[in-house]
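Asks: Can you look at this prediction? I've put the sequence above it.
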Amino acid sequence: MFDPAGYRTVLLDQRGAGHSTPHASEPDADLSANTTAHLIADCERLRERLGIDRWLLLGGSWGSTLALAYAEQRPDRVTEIVLFGVTAGTRREDDWLFREGLGELFPEQWERRRAALPPELRGGDVVDGYHRLLFDPDPAVREHAAYEWCLWESATPAWPPRTGLSPRFEDPRFRLGFARLVTHYVGHDSFLADGELLRGLDRLAGIPAVLINGRYDLQAPLRTAWELDRAWDSAELVVVDGAGHSAGGDIAAEIVRATDRFAGSRLGH
């Protein structure tokens, strides 16, 4: 996604994920210090540690929410922003993807996800129900909940939609950590006031941005990117017809086009 001749590329594994420790899949994982504010502070510490004055932010899906949250707090440290599969941490987005909204298009998969909860949890918030199971003392209960959660997550990113478990979720450790982090953040509304990032766009005035969204992105519907583009004078919206939520194919080509363009503008060509 970045030309190494034009960029120094920094990859961050957020708290509890990837190579960061402790991993969210650990039996005694404590996510109380894993919030959006903590992640923003982590990004700042990383920038300072690496001696970077200002940087381009690239984020997709949840990463686009985090990039916006960081940029609105530290616009003085941001040169450009590239977002894809655009989300903004709103309750509307979470209800669509993780609660009843998207179930209108995937009734069979939605019913399976609800039915995987024990009877006493089926009448409440499905996100809260899964979060409880993911921290159950019984490892078998945790693994079953992680599998069912990730099976739902597998159904909706690609266009056309796929069946079965996505290859990215084959590792049980990844499944559990992923599901725990997602339900933790969704259950706390991303630790943001509803619509907070949309209301704070004036702080990003003058920062060039490219917002890339698939026309058929079911996990991050086009509406959010469109709303950002309308309210953000220095942003450009790129709609990729025929694409879903995946970062590959034509979406990847547009990401490269954007990062190449920003690198070229710095070099004067």
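Replies: Done, it's in.
Asks: Which elements pack onto the helix or strand harbouring Leu237?
Replies: In the assignment (DSSP states H and E), Leu237 maps to strand 235-240. Counting contacts by 3 or more Cβ pairs under 8 Å, 6 or more residues apart in numbering; DSSP states H and E, strand 235-240 is packed against strand 209-214, helix 222-231, helix 249-267. In this view, the C-beta of every residue, glycine as well, is placed from N, C-alpha and C.
Asks: most packed of those?
Replies: Sort the helices and strands packed on strand 235-240 by mean neighbour count, taking mean count of other Cβ atoms under 10 Å, and strand 209-214 sits at the top with a mean of 26.
Asks: hang on, the earlier thing: who wins for proximity to Arg114 among the helices and strands packed on strand 235-240?
Replies: Taking Cβ to Cβ, helix 222-231 is the member of the helices and strands packed on strand 235-240 nearest to Arg114, at 25.4 Å.
Asks: what's the offset of that closest one from the middle of its chain?
Replies: Between the centre of helix 222-231 and the centre of its chain there are 16 Å (Cα atoms, centre = their mean, to the nearest Å).
Asks: report the angle between the axes of that helix and strand 209-214?
Replies: 160 degrees (axes from the mean of the first three to the mean of the last three Cα atoms, to 10 degrees).
Asks: and the angle from the strand holding Leu237 to strand 209-214?
Replies: Between strand 235-240 and strand 209-214, the angle comes out at 20 degrees (the same axes, to 10 degrees).
Asks: Return the set of buried residues in strand 235-240.
Replies: Using 16 or more other Cβ atoms under 10 Å as the test for burial, strand 235-240 gives 235, 237-240.
Asks: Could I get those residues in JSON lines, plus columns for pLDDT and distance to Leu204?
Replies: Formatted as JSON lines, the buried residues of strand 235-240 follow (pLDDT from 0 to 100; distance: Cβ to Cβ, whole Å):
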{"residue": "Ala235", "pLDDT": "98", "distance to Leu204": "8"}
{"residue": "Leu237", "pLDDT": "98", "distance to Leu204": "15"}
{"residue": "Val238", "pLDDT": "98", "distance to Leu204": "17"}
{"residue": "Val239", "pLDDT": "98", "distance to Leu204": "21"}
{"residue": "Val240", "pLDDT": "97", "distance to Leu204": "23"}
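Asks: which residues of the stretch 51-200 of the chain fall in strands?
Replies: Secondary structure of the stretch 51-200 of the chain by DSSP state E, counting those that start in this stretch: the strands cover 55-61, 78-86.
Asks: Highest mean neighbour count out of the ones you listed?
Replies: The most buried one of these (mean count of other Cβ under 10 Å) is strand 78-86, showing a mean of 25.
Asks: follow-up on the earlier one: show me the two of the buried residues of strand 235-240 that sit farthest apart.
Replies: Maximum distance among those (Cβ to Cβ): 16.0 Å, for Ala235 and Val240.
Asks: Look up the pLDDT of Ala67 for me, please.
Replies: With respect to pLDDT, Ala67 scores 98.
Asks: Chain neighbours aside, what residue packs nearest to it?
Replies: With Cβ to Cβ, 6 or more residues apart in numbering as the criterion, Ala67 has its nearest non-adjacent residue at 3.5 Å, and that residue is Gly59.
Asks: same thing with Leu46?
Replies: Per Cβ to Cβ, 6+ apart, closest to Leu46 is Leu12, 6.3 Å.
Asks: Spit out the contact partners of that neighbour.
Replies: Counting by Cβ atoms under 8 Å, 6 or more residues apart in numbering, Leu12 touches 42-43, 46.
Asks: show me what contacts the residue nearest to Ala67?
Replies: Residues near Gly59 by Cβ under 8 Å, 6+ apart: 65-68, 81-84.
Asks: would you turn the residues you listed into TSV with distance to Leu198?
Replies: Shown next, in TSV, are the contacts of Gly59 (distance: Cβ to Cβ, whole Å):
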residue	distance to Leu198
Thr65	11
Leu66	15
Ala67	14
Leu68	9
Ile81	15
Val82	19
Leu83	13
Phe84	18
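Asks: Any idea how far apart the tips of stretch 78-92 sit?
Replies: 27 Å (Cα to Cα, to the nearest Å).
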